[in-house]
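Enquirer: missing the sequence, but the structure's below:
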């Protein structure tokens, strides 16, 4: 099997690539930082004995998203880990609009394009796995993190809808979404925000995500606290959710 992992230079993407390699899956890595990709490629080959390669790409650029797909489709990818993404923290009227548009392009546009193109290929072969990285935030309104929460809601709803389409077709393509809470990655540094709770281990999350993906699980999360947050997001009124999320986010300290 061969997997394409986006956002593979750090954090969840890097550790999912390691987990896949540990399970004997060959890996194509993509992100912007060539040096980190090269280092990870060599690690996967040396430590796990799999085949690995990398392609540098900036997924905020739509042309590079299509170019990435065209560059790897000849390998008949079996697994897409649609992981690339980042957040922008701050009051909506004060955050940088250009930074936010880059975020929207990565978290929504690139996600959408790769999901659609690879799913078409997988449906034609009637096999394959897609793991979309969403977030527990995708079930909530998020004052002071509004655009990020909204972008992850897009990933959640798109994955749920497509999963149902596949179920009705009795397709053998498996679609999952990873919805963690705070994870120990570079995300907080990029978003310029501190987590109030202790972040979960990215390595443990990645291994859990890969195992659940292969098991065909739709909603994958890492612990009871995140599961409880997702459940509350489904049953409480939006006004209460917005108030609670706003209180929580307002307590975060900018770096």
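Expert: It's in. Bear in mind that the values here come from a model prediction, so they are computed numbers and not experimental data.
Enquirer: you'd agree residue 111 is up against residue 82?
Expert: Yes: proximity of residue 111 to residue 82 meets the contact threshold set by CB atoms under 8 Å, at 5.5 Å. For every residue, glycine as well, the C-beta is placed using N, CA and C.
Enquirer: residue contacts, the closest residue to residue 85 other than its chain neighbours?
Expert: The spatially closest residue to residue 85, leaving aside those adjacent along the chain, is residue 107, at 4.5 Å (CB to CB, 6 or more residues apart in numbering). With contacts taken as CB atoms under 8 Å, 6 or more residues apart in numbering, residue 107 has the following neighbours: 85, 86, 148, 151, 152, 154, 155.
Enquirer: shared neighbours, residue 111 and residue 82?
Expert: Jointly contacting residue 111 and residue 82 under the rule CB under 8 Å, 6+ apart are residue 132.
Enquirer: grab the nearest non-local neighbour of the spatially most central residue of the chain.
Expert: Most central residue of the chain, judged by C-alpha distance to the mean C-alpha position with CA atoms, centre = their mean, is residue 133 at 2.2 Å. Leaving aside its sequence neighbours, residue 133 sits nearest to residue 83 (CB to CB, 6+ apart; 4.3 Å).
Enquirer: rewinding a little: partner residues bridging the residue nearest to the centre of the chain?
Expert: In this entry, residue 133 is beta-bridged to residue 178, by DSSP bridges.
Enquirer: thought it was touching residue 176?
Expert: No: Residue 133 is not in contact with residue 176 according to CB under 8 Å; the separation is 10.0 Å.
Enquirer: got any ranges where the stretch 151-255 of the chain has weak pLDDT?
Expert: Across the stretch 151-255 of the chain, the stretches falling below the confidence threshold (pLDDT under 70) are 182-200, 223-233, 236, 238-255.
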